[in-house]
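Enquirer: sequence? don't have it. structure:
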């Protein structure tokens, strides 16, 4: 059972029961619960599932380096064999890989039930010069779209990839997507429902504080323990030895981007100024070269909800500001990052919590009443 997501669950079930070929893309920030949603809605109904490998180094010890494309193809082939396909040589291209998938599905096609294919973290499979999109286009256009019982569900933690390659595709997949579902973080009401379902008893004031740290991301909310207060949970999750979320900031960017250090440097630079930074200030602070690649990096961070872009009064669009917007990243960089000593950071957390209880108590209580009431 999952909390909330009623609208998304209803839409996915309607598409499953539609009796026609369906191509669905579900996208949103990493850790927001996309995979959990698909698993719960289509429990025991998935014919084939696969998850792309994250963009990390493919070298292991003294073994020869394997190209990212070949590694992704091998993993795809392993998924096919683990789910019932006869052993054989791994495919050499994505056209061959999707041909194997077609054969796999045809062997299980009884024309009565759905042939549901679920591909998770699809953007990781689209490595440079791999021809992945060509293989996907061929699979859908020449085979899946002609079968009324075929359903392809893809998930991606890179909204910019989903938008560019699927929603706004101008090639072979133009107009082919049946539905695109953006999965947002929980709002305060859903956070309350989540904690109640998990058996974590928190006041609405405490839920507001956890929201300011987690940003409503279910994965982070699930880390809170009922036996601990909010302050104790923060201590256990971020500051204790082997704390679960101590290195989450680094893991987050390493699993999302092929150039995590550059992306982290951009977010860190933005977070140094409360008002944010203009493009020129950002380039000066990070030392990154002004180019189309930099514009793409900003777009990826913006689509991933890590940053926001806004225009200040009296300034043109050329002087737009970019500002860090992800609550978890802001909290991490302010209190957990190695910029400050551990003792100082812990004191700052306690001071913020104490000040919020005293100085802004009346304001937060008013906000809680307004936001939680439906």
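Expert: Perfect, thanks for sending it. Everything numeric in this text was worked out from a predicted model, so none of it was measured.
Enquirer: Hmm, residue 233 and residue 225 touching each other?
Expert: Yes: with contact defined as Cβ atoms under 8 Å, residue 225 and residue 233 form a contacting pair (6.2 Å). Every residue, glycine included, has its C-beta placed from N, CA and C.
Enquirer: more neighbours, these two?
Expert: residue 233 (21 against 13; other Cβ atoms under 10 Å).
Enquirer: three-state assignment of residue 20?
Expert: Counting by DSSP: H, G, I helix; E, B strand; the rest coil, the backbone at residue 20 sits in coil.
Enquirer: Test for you: state the pLDDT assigned to it.
Expert: You'll see residue 20 listed with a pLDDT of 95.
Enquirer: For it, which non-adjacent residue is spatially closest?
Expert: Closest residue in space to residue 20, ignoring its immediate chain neighbours: residue 148 at 5.4 Å, by Cβ to Cβ, 6 or more residues apart in numbering.
Enquirer: gap between the one you found and residue 38?
Expert: Distance from residue 148 to residue 38, counting by Cβ to Cβ, to the nearest Å: 21 Å.
Enquirer: Mind checking which of the two has more residues around it?
Expert: Neighbours per residue (other Cβ under 10 Å) separate residue 148 from residue 38, with residue 38 holding more: 22 against 13.
Enquirer: shouldn't that one be in contact with residue 152?
Expert: No: using Cβ under 8 Å as the test, residue 38 is too far from residue 152 to be in contact (11.9 Å).
Enquirer: can you map out the strands along the chain?
Expert: All strands of the chain, identified by DSSP state E, fall at 22-27, 48-51, 115-120, 150-156, 179-182, 277-278, 307-310, 321-324.
Enquirer: got those as JSON lines, with mean neighbour count and distance to residue 267 columns?
Expert: JSON lines is the format used below for those (neighbours: other Cβ atoms under 10 Å; distance: least, Cβ to Cβ, whole Å):
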{"stretch": "strand 22-27", "mean neighbour count": "23", "distance to residue 267": "20"}
{"stretch": "strand 48-51", "mean neighbour count": "19", "distance to residue 267": "26"}
{"stretch": "strand 115-120", "mean neighbour count": "21", "distance to residue 267": "25"}
{"stretch": "strand 150-156", "mean neighbour count": "24", "distance to residue 267": "20"}
{"stretch": "strand 179-182", "mean neighbour count": "16", "distance to residue 267": "21"}
{"stretch": "strand 277-278", "mean neighbour count": "19", "distance to residue 267": "11"}
{"stretch": "strand 307-310", "mean neighbour count": "16", "distance to residue 267": "7"}
{"stretch": "strand 321-324", "mean neighbour count": "20", "distance to residue 267": "6"}
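Enquirer: I'd like the ones you listed laid out as TSV, including distance to residue 252.
Expert: Shown next, in TSV, are the strands of the chain (distance: least, Cβ to Cβ, whole Å):
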stretch	distance to residue 252
strand 22-27	16
strand 48-51	17
strand 115-120	17
strand 150-156	15
strand 179-182	19
strand 277-278	21
strand 307-310	14
strand 321-324	13
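Enquirer: Can you say which of these is nearest to residue 5?
Expert: strand 179-182 (9.8 Å; Cβ to Cβ).
Enquirer: who does the closest one pair up with?
Expert: Paired neighbours of strand 179-182 in the sheet (DSSP bridges): strand 22-27 (parallel).
Enquirer: Next, the angle from the partner strand to strand 150-156.
Expert: Counting by axes from the mean of the first three to the mean of the last three Cα atoms, to 10 degrees, strand 22-27 lies at 10 degrees to strand 150-156.
Enquirer: any idea how far strand 22-27 is from the chain center?
Expert: Strand 22-27 has its C-alpha centroid displaced from the chain centroid by 15 Å (Cα atoms, centre = their mean, to the nearest Å).
Enquirer: List of residues touching it?
Expert: With Cβ atoms under 8 Å, 6 or more residues apart in numbering as the test, strand 22-27 has contacts from 8, 12, 15-16, 34, 37-38, 140, 144-145, 150-159, 162, 166-167, 176-183.
Enquirer: what residues are up against the closest residue to residue 45 other than its chain neighbours?
Expert: In this structure, residue 45 finds its nearest non-sequential neighbour in residue 116, 5.6 Å apart by Cβ to Cβ, 6+ apart. Applying Cβ under 8 Å, 6+ apart to residue 116 gives the contacts 16, 42, 45-48, 151, 153.
Enquirer: Check those residues against residue 291 and report the nearest one.
Expert: Using Cβ to Cβ, the contacts of residue 116 come closest to residue 291 at residue 153, 35.4 Å.
Enquirer: Run through the residues that contact that closest one.
Expert: Under the criterion of Cβ under 8 Å, 6+ apart, the neighbours of residue 153 are 12, 24-26, 38, 42, 116-119.
Enquirer: Let me see the domain layout of the chain.
Expert: Here the domain parsing of the chain from automatic domain parsing is 6-182, 188-246+340-372, 249-328.
Enquirer: Return the member of those domains having the minimum mean pLDDT.
Expert: domain 188-246+340-372 (a mean of 76).
Enquirer: separation between the residue nearest to residue 97 when sequence neighbours are not counted and residue 72?
Expert: Spatial nearest neighbour of residue 97, excluding adjacent residues (Cβ to Cβ, 6+ apart): residue 91 at 4.1 Å. Applying Cβ to Cβ, the value for residue 91 to residue 72 is 10 Å.
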